[in-house]
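> No sequence on hand, only this structure:
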C-alpha cells in the first residue's frame, strides 16, 4: 500500500491515542483496527499489523512499570510462559475454527466485567488477600486468557486485570502493571505466527508503533500517578464501549 504524509500522520496519532488508552484500561485495538481497515488493508492484514503496532505499546508500558518496580519479572516467569503457550495455541487453532459463537457471547461477558469493576469493593489501590497460588493462577488463568487473545482478542487486558484483582488480590495499579506484561507476551506470540504467515504490513505497523511507544509510556505514567481513580472508571467505560461495538459488528 502507498503511504502519503496524511496517512503517516494519521497512523502516528492513532498509535499515540491507542497507546495511552491501552496502558490504562485496555481496548486500544478499538481505535487502531478501524483506522487500519479504512486505510485499505484486508481484514487479515489489519489484524496482523495491529498486533505488530500494539506490541510496541504494551512493551513501552511494561518497561515503565518494571522501572517503577510495580512488577517483578522473576515472580512472573511461569505466568509469562503459560500466557505465551496459550496465545500460540489460540493463534494456531483460530485458523481452523469459526469464531462466530464466541463473538456472540463476548459482549455479555464484558458487560458482566464492567459491572464488577463498577460495584466491587475489592477494586482499589490496596492489595487484598489472595484466593489461589501463583502457580495455579498461571496454569489455569493466564494460559486460558492467553489462548483467548490468540484466538479472538477483544477485552484481553480487562480479563487479565479482573483475574489479578479478584484472584490474587492485587490493587488496580499493580494489576494493570502485571496485565501489561502478559498482554505484551500474548501479543508477541500472536505476532510471530502472523509474521510466519506473511500477513503483516511492516512499514505501516512500524509507523503506528512510533505513536504507540510514546502513548504507552504516557498512559503508564498516568496509572502510577492516578491509580484506581483513573483506571476504574476508564475500564468500565472502555469495556462497555467494546461490548456495544462487538454487538454491532455481530
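Nice, thanks for sending it over. Remember, predicted model here, so these are calculated numbers, not experimental data. Numbers count the residues shown, from 1 in each chain.
> and residue 230, how many neighbours?
18 (other C-beta atoms under 10 Å). Heads up, the C-betas are built off the backbone N, CA and C, glycines and all.
> In this structure it contacts residue 223, no?
Yes - if you go by C-beta atoms under 8 Å, residue 230 and residue 223 touch, sitting 6.9 Å apart.
> Point me to the residue sitting closest to the centre of the protein.
Centroid check for the chain by C-alpha atoms, centre = their mean gives residue 157 as the closest residue, at 4.1 Å.
> Run through the residues that contact it.
Applying C-beta atoms under 8 Å, 6 or more residues apart in numbering to residue 157 gives the contacts 22, 25, 26, 27, 179, 180, 183.
> Quick check: chain neighbours aside, which residue is closest to it?
residue 26 (2.7 Å; C-beta to C-beta, 6 or more residues apart in numbering).
> how near is that neighbour to residue 156?
7 Å (C-beta to C-beta, to the nearest Å).
> okay, and the common contacts of these two?
residue 183.
> So these two - more neighbours on which side?
In this view residue 26 and residue 156 are compared by other C-beta under 10 Å, and residue 26 has more residues nearby, 27 against 24.
> So the more buried one sits against residue 175, correct?
No - if you go by C-beta under 8 Å, residue 26 and residue 175 don't touch, sitting 11.3 Å apart.
> Where do the helices of this protein begin and end?
5-25, 29-38, 43-67, 77-94, 100-119, 134-136, 143-151, 156-168, 172-196, 202-226, 228-249 (DSSP state H).
> roughly how far out does the first one sit from the chain middle?
On the basis of C-alpha atoms, centre = their mean, to the nearest Å, the separation between the geometric centre of helix 5-25 and that of its chain is 15 Å.
> Now do the buried residues in that helix.
In terms of neighbour count (16 or more other C-beta atoms under 10 Å), helix 5-25 has its buried residues at 7, 10-12, 14-25.
> Looking at the helices of the chain, which is nearest to residue 128?
helix 156-168 (8.4 Å; C-beta to C-beta).
> quick one, that closest one and helix 29-38 angle?
If you take axes from the mean of the first three to the mean of the last three C-alpha atoms, to 10 degrees, helix 156-168 sits at 160 degrees to helix 29-38.
> For residue 175, which residues are in contact?
Taking C-beta under 8 Å, 6+ apart as the test, what residue 175 contacts is 160, 161, 164, 165, 168.
> TSV for the residues you listed, including neighbour count and distance to residue 198?
Converted to TSV, the contacts of residue 175 look like this (neighbours: other C-beta atoms under 10 Å; distance: C-beta to C-beta, whole Å):
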residue	neighbour count	distance to residue 198
160	28	29
161	27	33
164	25	35
165	25	39
168	20	39
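> No more questions from me, cheers.
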